[in-house]
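Novice: no sequence on this one, just coordinates:
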Ligand SMILES: Cc1cc2nc3c(=O)[nH]c(=O)nc-3n(C[C@H](O)[C@H](O)[C@H](O)COP(=O)(O)OP(=O)(O)OC[C@H]3O[C@@H](n4cnc5c(N)ncnc54)[C@H](O)[C@@H]3O)c2cc1C
């Protein structure tokens, strides 16, 4: 029996990473290697207000807006991308962080014989692989166990996951689904509830660092020529006096209070859950299309649940008491658990509620045999799903709304894009720009001659993801300030081939000391992110570039003072400014996360 178990567990995690990376789709390999980032904010603002006419202005720097900007820029269009807070500070940093086909949607598709839902799964499975091809340093395949407690569950999961594999086809499949016995499952995940367990189905999906993929997409579009500015809010739309067509935006700089106008032939509204606010600037009488729905996650220390190889395996609990699924996802050395689905109001800084956190803990307790309490939580966060409204007769609440994306052109030619999933962000960007071209070609028929009509984003690795990223070697120019192997691995994981630049800058600036005793981050990263990744506030760094706010909220507060000091030394902030920045950071973390 012992041998059977070790044979079964050795069958886990057998995907071939090199096969994923060596796909033919990485032909844009060197496109971003030689390009230079233009991250000087003042210079970028000057370009925006220079009365230059942009082909496309994209409002919203989440996954959708940044993908649309990258798609348009790489087709040869002149693009402006603007975001009222930091890049990725909306829903796009608050996901379960899974690139997935959607096992849950597959069940819905089969049960309801819903062809559209089936096609959504098919599309997601293809786009899922895109992550490993364009950002291999920020993503990886994830094998999940699905505990089955009845024969019916086992047969149902087997049938569903066989269909999942079939829909992936050999090209998009990350690995094969399979079965592990109860004994093997408990060997790798000992905290699973044992009573009544038949065994576990295993299957593959993917996991990625959402905010870093988002920021990297913005940086890649910037390197290819887009003018990208964060902390710039659209407060109104400009319209032609001749025909009422939208031909630009009025913005307010949230850092200086200055207002100005940006002119564009086509405006794309990619503001996530907030799209109705922009739509109503175009047509105050238009009916809202968004049903905002809040989803909360909690972050836990893994050691309590799982040891060894199991730390690389996720868990999918197929049915919770509210009819959803519960994911336990290993991420950045911790375990994410979630999510919830509740109608909510719009909020720029949504905050997890106690009842949502308790719901997740209770659901975990019902399928695990370890004691759990609020003290086990190192962070928690809430995101707002920009779900496009269901037909009026739906009585199932937001759970029943399709996760497909929606793109619309208003009578005044405002393009609005909403809904969809992170997994399909590339395709959403492509579809949005395809639709924008119909507006653009009407206004500038000659554009068709100078631009590429087809999307290129399948072939563009994100910044940091050149072919050699995995093989780059640590070069220590000053051995006295050398960093640990753990820190070097972290730099490669977060920055890909740019890890060498981060280390060089850190050494030159004498900032190779660790920022935290608990995590392998170093002080030089702060300076690098300010200079090269458009970070303007300390919470931009702690939350959206280092991910620490989501991993460990207390530790993120512990490092806040040092982060502010490194920024303050660079910007020459006085003590008063440093104190203000520090206090703002602490209240930001307190508002956005709980434990
Ligand atoms: C709890 C939860 C879990 C999820 N998990 C997954 C998952 O595991 N996998 C998956 O594939 N998908 C997942 N999703 C879905 C996915 O995260 C979202 O569909 C996606 O992030 C939406 O991106 P977006 O760009 O439309 O919205 P956002 O990320 O919210 O971006 C919109 C941006 O527009 C900006 N903005 C708004 N108004 C203005 C203005 N006036 N001027 C300038 N900027 C403005 C906002 O500040 C914001 O940054 C999840 C969603 C939730 C809520």
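Specialist: Sure, I can see it. Here the structure is a predicted model, which is why all the values come from computation and not from measurement.
Novice: rest of the way, CA atoms for contacts and neighbours
Specialist: Noted.
Novice: can you list contacts of whichever helix or strand residue 587 is part of?
Specialist: Assigned by DSSP states H and E, residue 587 belongs to helix 575-592. Residues lying outside helix 575-592 but in contact with it, judged by CA atoms under 8 Å, 6 or more residues apart in numbering, are 349-352, 381-382, 537-539, 549, 553, 556-557, 560-561, 564-565, 568.
Novice: Count the residues that sit near the residue nearest to residue 373 when sequence neighbours are not counted.
Specialist: Nearest-residue entry for residue 373: residue 361, 7.3 Å, with adjacent residues in sequence omitted and distances by CA to CA, 6 or more residues apart in numbering. By the other CA atoms under 10 Å criterion, the neighbourhood of residue 361 contains 20 residues.
Novice: ok, now residue 468?
Specialist: Residue 468 is surrounded by 11 other residues when neighbours are defined as other CA under 10 Å.
Novice: got a list of what it touches?
Specialist: By CA under 8 Å, 6+ apart, the neighbours of residue 468 are residue 497.
Novice: Map the structural domains onto the sequence of the chain.
Specialist: According to automatic domain parsing, the chain comprises the domains 28-91+212-288+403-459, 98-207, 290-304+313-388, 469-592.
Novice: Columns mean pLDDT on top of those domains, output as TSV?
Specialist: Conversion of the domains of the chain to TSV gives the following (pLDDT from 0 to 100):
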stretch	mean pLDDT
domain 28-91+212-288+403-459	94
domain 98-207	90
domain 290-304+313-388	93
domain 469-592	94
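Novice: Same list (those) but as JSON lines, adding distance to the ligand.
Specialist: Below are these laid out as JSON lines (distance: least, CA to the nearest ligand atom, whole Å):
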{"stretch": "domain 28-91+212-288+403-459", "distance to the ligand": "3"}
{"stretch": "domain 98-207", "distance to the ligand": "4"}
{"stretch": "domain 290-304+313-388", "distance to the ligand": "4"}
{"stretch": "domain 469-592", "distance to the ligand": "11"}
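Novice: what's the distance between the residue most central in space within the chain and residue 558?
Specialist: Taking CA atoms, centre = their mean, the centroid of the chain lies closest to residue 210, which sits 2.4 Å from it. With the distance defined as CA to CA, to the nearest Å, residue 210 ends up 23 Å from residue 558.
Novice: Quick one: residues in contact with stretch 270-286.
Specialist: 58-62, 64-65, 90-91, 236-237, 246, 269, 288-290, 292, 346, 384-387, 412, 414, 416-419.
Novice: Mind doing that once more with 6 Å?
Specialist: The contact list for stretch 270-286, computed with CA atoms under 6 Å, 6 or more residues apart in numbering, reads 59, 60, 65, 288, 386, 417, 418.
Novice: gap between that stretch and the chain center?
Specialist: Taking CA atoms, centre = their mean, to the nearest Å, one finds the center of stretch 270-286 at 23 Å from the center of the full chain.
Novice: what does stretch 368-387 give?
Specialist: Its chain's average C-alpha position is 18 Å from that of stretch 368-387, according to CA atoms, centre = their mean.
Novice: Could you list the residues in contact with it?
Specialist: 91, 94, 191-193, 272-273, 290-300, 350-352, 419, 550, 552-553, 593-595.
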